[in-house]
Every structure is written in C-alpha cells, then in structure tokens.
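**Student:** Structure of the sequence below:
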Amino acid sequence: MKLEKIFESYKPLIAIPIIITIIAIVILAVNGLNQGIELEGGTIAELQLQKPIDKAQLDSMISSGLGTDEVDIKSIDASKATVEIGGGEIDVIKFSGVVNGTASILGFRTVGPVLSAAALTQVYWALAIAFIFMAVTIFIIFRNLVPSMAVILAALSDIIIALAGMSLLGIPLSMASVGALLLLIGYSVDTDVLLTTRVLKRREGTITQRALDAMKTGLTMAITSIVAMIALYIVVILLIPTAGVLADIAAVLIIGLTADVLITWLMNLGILRWYMESGRR
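**Tutor:** Below is the predicted model:
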C-alpha cells in the first residue's frame, strides 16, 4: 500500500535519475575516461618475480629506469606481476635491463598507435551498432514513440552512469569493460521491456498495480545479478588478484545494474504513467 501511494506521486520521482545522469555527464566532462593499453597504445609485460617486491617498489623501479610516469602495476603476487606502460613503444632489451635481477620477462607485447586507433574505432562502432539494433527492435515491438523512446533513454542513461563510475574508480575503457557495457545495454532493455509490456499490454488492475507486479520480478532479477557481481568482485580482489580484468567487469556491471534499478522504476515507470494517464491510451 505504501508503494502504491509513492507511485501515485510519480512526477517528482522522474527527476531523481535525470539529475543523477546529468551529474554523471559532468563527471565525464571533468574527469574524462582512462583508456586501456589496447585502445591507447603502449606495452604490456608479464613478469616472473625472482625476489620479493611490493607494488610501490616495482612501480618506482620501472618508472625511474624507463624515465616515464605512465607505469601501472595491474597485478602482483609473490611470483608474478603484470605491468602496463603507456605512451610510446618500449624497447624490450632496455626493459629487460631495468628489471634484471628482480624479474624475468614471461611475455612482452606492444600496441602501436595505429592498432590502438583502429581498436578504439571498433569500440565506438560496437556501441553504436548495439544501440541502433536495440532501438530498431524496441520500435518494432511496441510501435509507439513514447514508450520506445523511454526504453532507449533508460539504456543510454545506464551507460552514461556506468561510464561516470568507471571515471571515478579509475577503471579504463578496454575491450573487457566495453563487453560489460554491451551486457549492460542488454540487461537494461530486458528490465525496461518487462515493465513496458506489463503496463501497456495487460488490462487487469490499475497502472500502479501492474507496475508493482512487474517490479517484483524486475527487482528480483536485479538484486540477484548485483549480488552475483559483488561476490565475483570480492572473490577476485581477495583470492585471484591477478584476474583484475574480471574485477573491472564486475565493478562496471555493479554500477550499471544499480543505476538501472533507479532509472527503470523511477524514470521509465514515471514516463509510462504520464503517457498512460495523459489520455493517449
């Protein structure tokens, strides 16, 4: 009953996710977004450690030896470390001399500016094509401008908020995080289609009752997914620190799925209520 009363005053609720999205855009404009080595260009080195060394010491040694501050120790444990070095190409012989006596090189890969530019272009195309196909599919399903635009706007807001979270947490835009963003588009559309279908297509009960029925299913899905991603993030951080990519993917999905709860059940639902009650249906 309390939820029904809250949803009766739905118009102020629409403003909450809109304000959050605007804040996210400001964060992206101010902080920007880091890019992974495969998109920015640079070197990735896999090291076999020959003696104990902590992250700060390894970072300082490589930075001073190469004369660059673009060194990022992605993961390190008692025996292995993964190092990313941004900027220009690094000579493997020079790098070997820098870490000599501390570590041996297991793998060494350099991504040049041409390949990184091509990869970044592919990322933009992947996101654009995903949105285009999603928009076309939504219009085909509902054949109605307002509900379809609400679903598309919700998906766009999810991505913007997830990108802002990546900016704040220092998660780089990489092939892995782009994959998480594409998953987020699919999940966002899934929950919004669930809501829109229940509200528009069904006839039993009031609009609020149909929305609450959809919310029970949607929130169950969302909470289950968020808890699973939190568990994955904790396991990676505590038990598998070398699998930092999985932690980044989990973090992106946690941010995006949490944002999706607010956007779907406040903004999208509010837009649908306004549309249904405006006399156009």
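
**Student:** Could you count how many residues lie near Ile19?
**Tutor:** When neighbours are counted by other Cβ atoms under 10 Å, Ile19 registers 10. Quick note: C-beta positions are derived from backbone N, CA and C, even for glycine.

**Student:** That one is in what secondary structure piece?
**Tutor:** Using DSSP states H and E, Ile19 sits within helix 11-31.

**Student:** List of residues touching that helix?
**Tutor:** 6-7, 157, 160-161, 163-165, 167-168, 259, 262-263, 266-267, 269-271, 274 (Cβ atoms under 8 Å, 6 or more residues apart in numbering).

**Student:** Kindly recompute the last result at 6 Å.
**Tutor:** Residues from elsewhere that reach helix 11-31 (Cβ atoms under 6 Å, 6 or more residues apart in numbering): 157, 160-161, 163-164, 167, 262-263, 266-267, 270.

**Student:** and those, which two are the farthest apart?
**Tutor:** Maximum pairwise distance among the contacts of helix 11-31 (Cβ to Cβ): 27.2 Å, between Ser167 and Gly270.

**Student:** what about those two, which has more around it?
**Tutor:** A direct count of neighbours by other Cβ under 10 Å for Ser167 and Gly270 places Gly270 higher, at 23 against 19.

**Student:** Once you drop chain neighbours, what's closest to that one?
**Tutor:** Spatial nearest neighbour of Gly270, excluding adjacent residues (Cβ to Cβ, 6 or more residues apart in numbering): Ile14 at 3.7 Å.

**Student:** what's the burial count for the one you found?
**Tutor:** Applying other Cβ under 10 Å, we find 17 residues neighbouring Ile14.

**Student:** roughly how far apart are it and Ala154?
**Tutor:** 11 Å (Cβ to Cβ, to the nearest Å).

**Student:** Okay, now the unreliable bits of this protein?
**Tutor:** 1-10, 87-88, 112-117, 205, 242, 279-281 (pLDDT under 70).

**Student:** change it to 50
**Tutor:** The chain contains residues with pLDDT under 50 at 1, 281.

**Student:** any idea how it splits into domains?
**Tutor:** By the assignment in automatic domain parsing, the chain contains the domains 2-37+115-277, 42-111.

**Student:** Show me what the longest helix along the chain is packed up against.
**Tutor:** The longest helix of the chain (DSSP state H) is helix 207-239. Counting by 3 or more Cβ pairs under 6 Å, 6 or more residues apart in numbering; DSSP states H and E, the packing neighbours recorded for helix 207-239 are helix 175-201, helix 244-262, helix 269-277.
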